[in-house]
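Engineer: Sequence and predicted model, in that order:
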Amino acid sequence: MQREITVLNKMGLHARPAALIVRCANDYQAELTLAKDGEIVDCRSILGLITLSAGKGCKLTLHADGQDATQALDAIEKLFINKFDEE
Amino acid sequence: MVQLDTQEAIYNVIPVSPGIAIGKTLFVASAGELHQNIAKNTIAADAVESELAKLYGTVEKTKENIRKLGNELKEKLDGSQATIFDAHLMMISDKSLLGEAEKGIRNELKNAAWAFADAAEKYASVMDAMPDPYLSERASDIRDVAKRFLAVFYNTGDSAINDQVSDRRIIIANELTPSETAKFDKKKILGFAVVKGSATSHTAILARSMQIPAVVNIPEELNNLAGDTAVIIDGFAGRLIVNPKPRTLEAYRLKAAEANKIYSRLLQDKKLVAETTDGFVVQLAINLEDAADGSKLSEYGAEAVGLFRTELLFMGRNTLPDEEEQFELYKNLLTSVEGRMVVVRTLDVGGDKNSTLIYKSNEENPFLGLRGIRLCLQERRDIFRTQLRALLRAGIYGNLKIMLPMLSSVIEVHETRALIAEIQAELQAENIEHLRKVSLGGMVETPVCALMVEHFAAILDFLSIGTNDLVQYTMSIDRVNEKVSYLYQPASPAVLELIHRTVKAAKRNNIWVSVCGEMAGDPMYTPLLLGLGVNELSMEPNSLNAVRRVVRSLSMSDAENMCIKAMNCTRSKEVRALTMELLKKSAPEVAELLLMQQSE
């Protein structure tokens, strides 16, 4: 199961948002990945997320696989929509 | 890490800060240079599982280590500083990082330390390359984490000296950067022995300001010296002695005692004016990096702050200091010196001092690139403007002088004056108190500035000769490159000629002129600078007493006569012989200290 999401916060996916995603992903059982232009990283890897180098406006594919996939997708998508509480 | 045998070994190295330190080593790995410190041997194919166990075992221990440090710091600091350790914890547990390290062990049979360091460096270099300065600064976090891992792995104690070391140590490192040394707990350092560096490198300046001995250019293999090795640093003659024999130890204890005796005798003159026997007075000032030391001027026996370097304010942090923070700092400095003059040098980054927050440079020749005033005017006017605003506001609290680094064209002075006028109008409109009459000076540190100095002297309020860069640019050498450091000669007749021009131009235009480079604090050159007619010498605090003694033992006419001879020399060696001859006659104790510096 997957969804297209867009980076909305001004600073992009830097260390702090990446840390929030990791924390959020750890609350679920599902396998969670984010992809940008074919590059796929684990949502539980802060370094993977940071090095994705996703700036504002960047389109990403969020993929989830597992029992609580829908809830996990919702939760992570919400972080993006709320701009990681940054502005 | 190489375990050297316990035989005594003596190395000739370059002394950069005088004194003798006897103690045990603490190894500090430098960011980006982890790879050099790792034994790169492969493991047997059947050892993969046990190597993986080592990897994860070390990761667990490192995590504990970080947690402990985080908790300790939370008590000492506010929460925001300590949260960095949460990020570090996340990084060391990172799936991608550990997956990469695991791959290195399984597929390439690397040992655990090598595999981990490679994986960390891979991520760090990806971050280095990122256009966002915030992200690229995070590369240093990953390297910090890797350092901690390696420190645990090799059991060398923590790489950050602040953490676990209880006794004072001698720091061994490949290279120390300003942001690394800024984090040190200075009370725990006995001395430095570093592979890369020179008399004018950051390590050297720091060591001298801390009044502890330092040597550079130590052989690279010593960078692998295990922690806790007994060593002696001789910052006079330039020796590093590993595993000293009892007899050597005894000899060095005596030498240290002898030097201390002379130092304490020189100390007795602390309160006396630096006046020649025929009545010429030179102002003795200090160079400061840490504004908190402003209150120690009397303790040091200094009459002014001849150079306050503002770079430290901008280094080793994630955000730039704003106007309020700078204003508070400058104001505190100006009030703490109780009315004495403070020369604040505007931000001088570029060259060997940089922060990616300020300028992401891929210049091939940073020393000839966008640095000092060039960077401030061309690339980061925003930072320059904030700094000037803070200075103008703080200026009403004391005797402030503003100094521009790295001048090479009078346009730079005109542009700065215009910017200052603009900011003054702004502050006026906002009804904020500020300095109306600004004393603006410039550093003479490029040959072009020294050659055109007449024009600079006509539009500036004072001049200060930055000999470190002036020597480097005049001799056309990179002062950090140890292969050409033999050409770094402050007593070169070419340099003397440029200083002479500068002093003449200052006198003709009725402005004062100081020297604030390392040359000002080396008593060997005091007779020269005195004879050339410099008004002020600004130096590291621990040089004051020796320089004061030299000034007080000479007559201006002797110094001037010697200068005339020196300017006609063809080689710096002849110049040094002339000054030594004069010193032996008039200030024998200082000459003795200088002789200790010459290798027997």
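Structural biologist: Right, received. Where do you want to start? Just so it is clear, the model here is predicted, and its values are computed rather than measured.

Engineer: Tell me which stretches of chain A form strands.
Structural biologist: A:2-6, A:31-36, A:39-42, A:59-65 (DSSP state E).

Engineer: nearest to B:T6, of those strands?
Structural biologist: Nearest to B:T6 among the strands of chain A is strand A:39-42; the distance by CB to CB comes to 48.1 Å. For glycine as for every other residue, the C-beta is placed from the backbone atoms N, C-alpha and C.

Engineer: quick one on the thing from earlier: deepest-packed of the strands of chain A, please.
Structural biologist: Burial of those is given as mean neighbour count (mean count of other CB atoms under 10 Å in any protein chain shown); strand A:31-36 ranks first at a mean of 19.

Engineer: Could you check the angle that one makes with strand A:2-6?
Structural biologist: If you take axes from the mean of the first three to the mean of the last three CA atoms, to 10 degrees, strand A:31-36 sits at 50 degrees to strand A:2-6.

Engineer: Next, see if strand A:31-36 gets close to chain B.
Structural biologist: No: Strand A:31-36 lies apart from chain B when judged by CB under 8 Å from any CB of the partner chain; the minimum separation is 11.0 Å.

Engineer: In the sheet, which strands lie alongside that strand, parallel or antiparallel?
Structural biologist: Counting by DSSP bridges, the strands paired with strand A:31-36 are strand A:39-42 (antiparallel), strand A:59-65 (antiparallel).

Engineer: you'd agree B:I43 is up against B:R106?
Structural biologist: No: counting by CB atoms under 8 Å, B:I43 stays clear of B:R106, with 10.5 Å between them.

Engineer: So for the two, which sits in the more crowded spot?
Structural biologist: Higher neighbour count among B:I43 and B:R106: B:I43, with 18 against 15, using other CB atoms under 10 Å in any protein chain shown.

Engineer: Next, count neighbours for B:L254.
Structural biologist: B:L254: 11 surrounding residues under other CB under 10 Å.

Engineer: for B:R508, same thing?
Structural biologist: B:R508: 11 neighbours (other CB under 10 Å).

Engineer: Identify the residues contacting the residue lying closest to B:E433 once chain neighbours are set aside.
Structural biologist: Of all residues not flanking B:E433 in the chain, B:I396 sits nearest, at 5.6 Å (CB to CB, 6 or more residues apart in numbering or on different chains). Neighbouring residues of B:I396 by CB atoms under 8 Å, 6 or more residues apart in numbering or on different chains: B:433-435.

Engineer: how much space between B:I396 and chain A?
Structural biologist: 37 Å (CB to the nearest CB, to the nearest Å).

Engineer: On the three-state scheme, that residue is what?
Structural biologist: helix (DSSP: H, G, I helix; E, B strand; the rest coil).

Engineer: gap between it and B:F327?
Structural biologist: The spacing between B:I396 and B:F327, counted by CB to CB, to the nearest Å, is 11 Å.

Engineer: In the longest strand anywhere in chain B, which residues are buried?
Structural biologist: Taking DSSP E as the criterion, chain B has its longest strand at strand B:20-28. Across strand B:20-28, burial judged by 16 or more other CB atoms under 10 Å in any protein chain shown covers B:20-23, B:25-28.

Engineer: can you tell if the helix or strand following that strand touches chain A?
Structural biologist: Counting by DSSP states H and E, the next helix or strand C-terminal to strand B:20-28 is helix B:48-76. No: Helix B:48-76 lies out of reach of chain A by CB under 8 Å from any CB, never closer than 14.0 Å.

Engineer: Now helix B:48-76: average pLDDT?
Structural biologist: Averaging pLDDT along helix B:48-76 gives 83.

Engineer: name the helices or strands packed onto that helix?
Structural biologist: Packing contacts for helix B:48-76, counted by 3 or more CB pairs under 8 Å, 6 or more residues apart in numbering or on different chains; DSSP states H and E, involve helix B:79-82, helix B:84-92, helix B:95-108, helix B:112-128, helix B:133-154.

Engineer: can I get those in CSV with distance to chain A and mean pLDDT?
Structural biologist: Conversion of these to CSV gives the following (distance: least, CB to the nearest CB, whole Å; pLDDT from 0 to 100):
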stretch, distance to chain A, mean pLDDT
helix B:79-82, 12, 49
helix B:84-92, 5, 79
helix B:95-108, 4, 92
helix B:112-128, 5, 87
helix B:133-154, 5, 74
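
Engineer: for chain B, where's the lowest mean pLDDT among helices and strands?
Structural biologist: helix B:161-164 (a mean of 47; mean pLDDT, DSSP states H and E).

Engineer: Quick check: next helix or strand after that helix?
Structural biologist: strand B:169-173.

Engineer: That following strand packs against which elements?
Structural biologist: strand B:20-28, strand B:189-194, strand B:230-234.

Engineer: need the residues of chain A near chain B, please.
Structural biologist: So far as CB under 8 Å from any CB goes, chain A lies against chain B at A:11-12, A:14-15, A:19, A:22, A:41-42, A:44-48, A:50-51, A:53, A:55.

Engineer: Next, count neighbours for B:S464.
Structural biologist: Based on other CB under 10 Å, the number of other residues close to B:S464 is 31.

Engineer: Equivalent analysis for B:A491, please.
Structural biologist: Residues near B:A491, counting by other CB under 10 Å: 23.

Engineer: Shouldn't it be within a helix?
Structural biologist: No: assigned with three-state DSSP, B:A491 falls outside any helix and is coil.

Engineer: Could I get the contacting residues of it?
Structural biologist: With contacts defined as CB under 8 Å, 6+ apart, B:A491 is in contact with B:524-525, B:528, B:566, B:572, B:575-576, B:579.

Engineer: Show me what B:M403 bridges to in the sheet.
Structural biologist: B:R345, B:G441.

Engineer: And it, how close does it get to B:Q424?
Structural biologist: 18 Å.

Engineer: Tell me which of the two has more neighbours.
Structural biologist: B:M403 (26 against 18).

Engineer: was I right about the more buried one contacting B:V444?
Structural biologist: No: assessed by CB under 8 Å, B:M403 is found out of contact with B:V444, at 10.7 Å.

Engineer: Pull up the overlap in contacts between those two.
Structural biologist: Joint contacts of B:M403 and B:V444 (CB under 8 Å, 6+ apart) are B:S464.

Engineer: hang on, the earlier thing: so which of the buried residues of strand B:20-28 also contact chain A?
Structural biologist: Applying CB under 8 Å from any CB to the buried residues of strand B:20-28, none is adjacent to chain A.

Engineer: would you list those in CSV and tack on distance to B:E311 and pLDDT?
Structural biologist: As requested, the buried residues of strand B:20-28 are exported to CSV (distance: CB to CB, whole Å; pLDDT from 0 to 100):
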residue, distance to B:E311, pLDDT
B:I20, 30, 93
B:A21, 27, 93
B:I22, 32, 93
B:G23, 30, 91
B:T25, 29, 86
B:L26, 26, 80
B:F27, 27, 75
B:V28, 21, 73
